[in-house]
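What follows is a predicted protein model with its sequence.
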Amino acid sequence: MRPVPNWAIIRGMSRTDEVVAGVRRMITGGELGPGDRLPVEKDLAERLGVSRGSLREGVRALTVLGVLDTRQGDGTYVTSLDPARLMSSLQFVVDLHGDTSARPFHAVRRVLETEAAGLAAHRITPEALEQARAVLDQAARTLAQQPVDHPAFIEADTEFHRIVADQGGNPVITALVEAIAGRTAGERLWRGRHEEGALARTQRDHEAVWRALAAGDAEAARVRMAAHLLDVEETLPGPEVVDADPAR
C-alpha cells in the first residue's frame, strides 16, 4: 500500500506552521475572537491533525507573537489582538539590525510620522495638545541647563513624537512608530552630543509642529514633521561612528 503523502512536507510547511495557520484561520474566520478561550488541547490537536507536542510548539510561537496567552491551569486564550502587542515582535527584528545604519529605519519612521502628524491635526484633543506643550516646555528647560542632560532631552523628544503618533488615531502607525523609534535613539543621542545646534533645531522643529497641530492645519503639520525628520535623517551617523562613542 502506498504511504499517505505528508502534505505539510510537500507544501514546505512544518507541523508548527500548520498550527499557526489553523489558529489564524479560526480567528480570521470569526470562530475565535479577542478574549476567547481555545478548545482543549486534545480536541484542538485532533482538529488540526497534529500531535499535542506540535500543538504546544505552535501555541508557544503564537504566544511570542502576541496572538495567544497561556494561563497556567486555566487554558489558552486569544489576546486583545491590539496592534501594539502584535507588533512588539517587530522590535526584535529591528534590534537584529543593531549593527547597521539607522537611516533605513528612520526613513520608514519619517513616512509614518509625517502622515500621523497630518491626521493628528484634525483629531488631537485639548488634553493631548496640553500634554505635548508640557513636554516641549520640559525639553526647553533641559536645553537651558548646562551641561545639557542629553538623555533627558531625547526622552522628551521621543515622548513628543509618541503623542503626535497616538493622536493620529491609527493604532498600527502608532505601534510601528514606537517599534522603530527606539532603534534610532542611540544615533539621535550621538547627534545631539556631537553636532552643534542639533538639539536647538529639534526644539524649534517641534515647536513648529505643535503650532500647526494647535491651528488644526494638517498640511502644515505634515510639512513641518517631514522637514524635521528629514533633517535628523540626513545627519544620522553611520554605525561605526556611533559605536565609537564611549558615552553611548
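Great, that's in hand.

who does the longest helix along the chain touch, helix- and strand-wise?
Counting by DSSP state H, the longest helix found in the chain is helix 103-123. Helix 103-123 sits against helix 150-167, helix 171-181, helix 198-215, helix 218-234, with contacts defined as 3 or more C-beta pairs under 8 Å, 6 or more residues apart in numbering; DSSP states H and E. Every C-beta, even on glycine, is put in place using the N, C-alpha and C of the backbone.

again, only using 10 Å
Judged by 3 or more C-beta pairs under 10 Å, 6 or more residues apart in numbering; DSSP states H and E, helix 103-123 is in contact with helix 126-144, helix 150-167, helix 171-181, helix 185-194, helix 198-215, helix 218-234.

of all the ones you listed, which lies closest to residue 72?
helix 171-181 (27.8 Å; C-beta to C-beta).

Just give the number of residues close to the residue nearest to residue 222 when sequence neighbours are not counted.
Leaving aside its sequence neighbours, residue 222 sits nearest to residue 118 (C-beta to C-beta, 6 or more residues apart in numbering; 4.1 Å). Using other C-beta atoms under 10 Å, residue 118 has 22 neighbouring residues.

Would you confirm that residue 118 contacts residue 219?
Yes: if you go by C-beta atoms under 10 Å, residue 118 and residue 219 touch, sitting 7.1 Å apart.

shared neighbours, those two?
Residues within reach of residue 118 and of residue 219 at once, by C-beta atoms under 10 Å, 6 or more residues apart in numbering, are residue 212.

any idea how far the spatially most central residue of the chain is from residue 164?
In the chain, the centroid-proximal residue (C-alpha atoms, centre = their mean) is residue 179; its distance is 2.5 Å. Applying C-beta to C-beta, to the nearest Å, the value for residue 179 to residue 164 is 16 Å.

mind giving me the domain ranges of the chain?
Here the domain assignment for the chain is 7-80, 86-242, based on automatic domain parsing.

Out of those, which is the most enclosed?
Highest mean neighbour count of the domains of the chain: domain 86-242, a mean of 18 (counted as mean count of other C-beta atoms under 10 Å).

tell me the mean pLDDT for it?
Across domain 86-242, pLDDT averages out at 84.

hmm, back to that, the residue nearest to residue 222: what's it in contact with?
Contacts of residue 118 by C-beta under 10 Å, 6+ apart are 168, 212-213, 217-223, 225-226.

One more: residue 70?
So, once contact is read as C-beta under 10 Å, 6+ apart, residue 70 ends up touching 38, 56, 59-60, 62-63, 76-77.

Now tabulate those residues in TSV and tack on distance to residue 134 and secondary structure.
Output for the contacts of residue 70, formatted as TSV (distance: C-beta to C-beta, whole Å; DSSP: H, G, I helix; E, B strand; the rest coil):
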residue	distance to residue 134	secondary structure
38	44	coil
56	48	helix
59	43	helix
60	42	helix
62	40	helix
63	38	helix
76	42	strand
77	38	strand
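
can you name the two of these that are farthest apart?
Pairwise over the contacts of residue 70, using C-beta to C-beta, the maximum falls at 56 and 77, 15.4 Å.

what sits against the closest residue to residue 157 other than its chain neighbours?
Closest residue to residue 157 apart from its sequence neighbours, by C-beta to C-beta, 6+ apart: residue 202 at 6.3 Å. Residues in contact with residue 202 (C-beta under 10 Å, 6+ apart) are 139, 143, 153-154, 156-157, 160, 188, 191-192, 228, 231-232.
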